[in-house]
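S.K.: what would the 3D arrangement of this be:
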Amino acid sequence: MALAIGLGACGAKTQLAVEDDERPDVDGGTDAGFDGGFDAAIPEDMDMSMPDEGVDLSIPEDMWTPECPDSVRVSTREASIPVDVIFVIDNSGSMLDDIDNMRSNMEIFWEGLVEADIDSHVIFVTQEGFAPFPPPSFSGRFFRLNERVNSHDGILKLLAQFSNYERYLRPDAITHFVGITDDDANRGDAEVFMETMPELLGHEFTFHAIASERIRPTLANPSGACVHAGGYAFSPGYEWNALAEETGGIQLSICEDDWAELLTPLTERVAVRIPIPCGYSLPTPPPAGVTYDADDFTVLYENEGDPLRVIPQDVGGTCASGGWTYFDASRRIELCPETCEELMALDGRIEIDLGCTVLP
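M.R.: Coordinates of the predicted model:
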């Protein structure tokens, strides 16, 4: 089935037939209330005729018509399940070389998300200067929370700062956390995180750890932390790796000197596009002069040779009678399963009229 989205800024320009407004008959409506009142007090000999000339009482046809932006059409973009990625980075001095290596190789991560065509939000919880800079294409999808993260408090910082990055998360998104550290969190932090974060998010998540694995301890390395070119990590990341193991995430070694070897498998796990049947993403940002409001949308189905068919909005959100729903946080319109199944059997297109929005 070939589906396309046509986005129109004004209903009058989208070939959508608009029925005549039904207004009460003036003679039998408003004036009828005056006939027995004010008219009864008017003297019979008063001249009530309208002037023939000198006063122009005509009203231009478009006087009360708001000015709409030109019709806007964009190419189809099949929606996919949104993906939110939250990084938390240890800011201790021993991490400086690791941060430089990460920043030098982050292009792997950005390009992976772009190539997969994923509706992604990427958040960094770390001190200013430690987060990488995204490419311009991530404008509006990249968020940086300036917060000092010490060697042992990274896991709890994700909980404590949740209210400050929550507004960038989507309730219908797949959520990934990525912890980067050369040390360990306090004992029990992983358990607290597993008990608390699902309640805050409202859904499950996957945690990935870039930390130290445990190796055989030696006199020079009594903690059994991993070894890299500059020496040893501070401690095995027991709590971090426990979160990855509990949630099915990947465990990568902070001692890997080639960060391409770390970011490549991480990107492969995160940049997974899962299409949504009969889901349609609206442009981000919205077209000029347009404010997205589901109450203004008209979703139309067009099949060659047939008149446009209006698909009703599922206001209750249950899809009991079919129709469509709107996910504001993800700017996505999605057909209800029953409606989707019906239209998939046909060969037509979906058009979305955004309504009439007045330019400032």
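
S.K.: only C-alpha atoms from now on, for both contacts and neighbour counts.
M.R.: Will do.

S.K.: alpha carbons of stretch 114-121, as PDB, please.
M.R.: Provided in PDB are the C-alpha atoms of stretch 114-121 (Å, rounded to 0.1, in the frame of the first residue of the first chain):
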ATOM      1  CA  VAL A 114      20.500   9.700  11.100                       C
ATOM      2  CA  GLU A 115      21.000   6.700   8.700                       C
ATOM      3  CA  ALA A 116      18.400   4.700  10.600                       C
ATOM      4  CA  ASP A 117      15.900   7.600  10.300                       C
ATOM      5  CA  ILE A 118      15.000   7.400  13.900                       C
ATOM      6  CA  ASP A 119      12.800   9.800  15.800                       C
ATOM      7  CA  SER A 120      15.400  10.300  18.600                       C
ATOM      8  CA  HIS A 121      16.000  12.500  21.500                       C
END
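
S.K.: which other residues reach it?
M.R.: Stretch 114-121 is contacted from outside by 80-85, 113, 141-143, 168-169, 271-273, using Cα atoms under 8 Å, 6 or more residues apart in numbering.

S.K.: can you tell me which of those residues lies closest to Asp189?
M.R.: Val85 (20.2 Å; Cα to Cα).

S.K.: pretty sure the closest one is in a strand, no?
M.R.: Yes. Remark: Val85 belongs to a strand, assigned using DSSP: H, G, I helix; E, B strand; the rest coil.

S.K.: what sits against it?
M.R.: Contacts of Val85 by Cα under 8 Å, 6+ apart are Ser120, His121, Val122, Ile123, Thr175, His176, Phe177, Val178, Val270.

S.K.: need the helices for the protein, in chain order.
M.R.: 30-35, 96-105, 107-115, 154-160, 162-165, 189-201, 238-247, 260-270, 337-344 (DSSP state H).

S.K.: so which of those helices is the most surrounded?
M.R.: Neighbour counts (mean count of other Cα atoms under 10 Å) averaged over each of these peak at helix 238-247, with a mean of 21.

S.K.: neighbouring contacts of that helix?
M.R.: Under Cα under 8 Å, 6+ apart, the answer for helix 238-247 is 155, 179, 184-190, 194, 205-209, 211, 213, 249-251.

S.K.: any of those residues buried? List them.
M.R.: For the contacts of helix 238-247, a burial check counting by 16 or more other Cα atoms under 10 Å picks out 155, 179, 184-186, 189-190, 205-209, 211, 213, 249-251.

S.K.: any idea of the pLDDT on Arg216?
M.R.: Looking at Arg216, its pLDDT is 93.

S.K.: count the neighbours of it for me.
M.R.: Per other Cα atoms under 10 Å, the neighbour tally for Arg216 reads 10.

S.K.: which residues touch the nearest residue to it once chain neighbours are set aside?
M.R.: What sits nearest to Arg216 in space, not counting adjacent residues and going by Cα to Cα, 6 or more residues apart in numbering, is Gly224, at 5.4 Å. Neighbour list for Gly224: Arg214, Ile215, Arg216, Pro217, Thr218, Ser235, Pro236 [criterion: Cα under 8 Å, 6+ apart].

S.K.: among those, who's most crowded?
M.R.: Neighbour max across the contacts of Gly224 (other Cα under 10 Å) = Pro236, 24 neighbours.

S.K.: what residues does that one make contact with?
M.R.: Pro236 touches Asp182, Asp183, Asp184, Ala211, Ser212, Glu213, Arg214, Ser223, Gly224, Ala225, Cys226, counting by Cα under 8 Å, 6+ apart.

S.K.: ok, back up a step: dump the contacts of Gly224 to TSV, plus distance to Ser92.
M.R.: Output for the contacts of Gly224, formatted as TSV (distance: Cα to Cα, whole Å):
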residue	distance to Ser92
Arg214	20
Ile215	22
Arg216	25
Pro217	23
Thr218	24
Ser235	13
Pro236	16
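
S.K.: between the helices of the chain, which one is closest to Gly355.
M.R.: Taking the helices of the chain one by one with Cα to Cα, helix 337-344 is closest: 22.1 Å.

S.K.: thank you, goodbye.
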